[in-house]
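> Below are the sequence and a predicted model; questions follow.
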Amino acid sequence: MVVRTVEALGRELRVIATGTVEVEAGRLVVEPRSIDFGGPDFLSDATAAVVRRLVAIEHDIEGLPEGLVLQDVAVQGDGFRARLLGEDVQLVP
C-alpha cells in the first residue's frame with residue numbers, strides 16, 4: 001500500500017493505492033491497481049488515470065555490486081525478498 005498526498009483538479013488529495021510489485025529491466029516497479037482518495041466513485045473513476053501516474057513508483061536499486069542485477073521480487077509481511085543474478089561479481093566488505 002502506498003499513501004501519498006497529490007495535487008489533482010486544483011486540490012490536494014490524500015491518495016491510498018494498493019498494487020503490484022514487479023521487476024522491469026532491473027528496476028523495482030510498484031504499480032497501483034486500486035486507488036482511493038476519499039471522493040465519490042464517479043470522481044475516483046474520472047481522475048484515476050491522472051492520479052495513477054503520480055502514485056506509481058519506479059526505483060533503481062542502488063549499491064549493488066557491478067554485474068549484479070535484480071531479477072525478481074516478492075512482497076512479504078516485513079518487506080521484500082529479492083532475487084538477484086550476476087556473473088563474476090566481486091563482493092567487497
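Now that the structure is in, tell me what you want to look at.
> Just list what the longest strand along the chain packs against, helices and strands only.
Across the chain, the longest stretch assigned as strand under DSSP state E is strand 11-24. In this structure, strand 11-24 makes packing contacts with strand 2-8, strand 27-36, helix 41-55, strand 68-76, judged by 3 or more CB pairs under 8 Å, 6 or more residues apart in numbering; DSSP states H and E. Just so you know, the C-beta spots here come from the backbone N, C-alpha and C atoms, and that holds for glycine as well.
> Pairing partners for that strand, with directions?
Sheet pairing for strand 11-24, assigned by DSSP bridges, gives strand 2-8 (antiparallel), strand 27-36 (antiparallel).
> export the first one as CSV, just CAs?
What follows is strand 2-8 as a C-alpha-only set of coordinates in CSV (Å, rounded to 0.1, in the frame of the first residue of the first chain):
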residue,chain,number,x,y,z
VAL,A,2,1.2,3.5,-0.9
VAL,A,3,-0.1,6.6,0.8
ARG,A,4,0.7,10.0,-0.8
THR,A,5,-0.7,13.5,-1.0
VAL,A,6,-1.0,14.7,-4.6
GLU,A,7,-2.5,17.7,-6.3
ALA,A,8,-5.3,16.9,-8.7
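> Okay then, goodbye and thanks.
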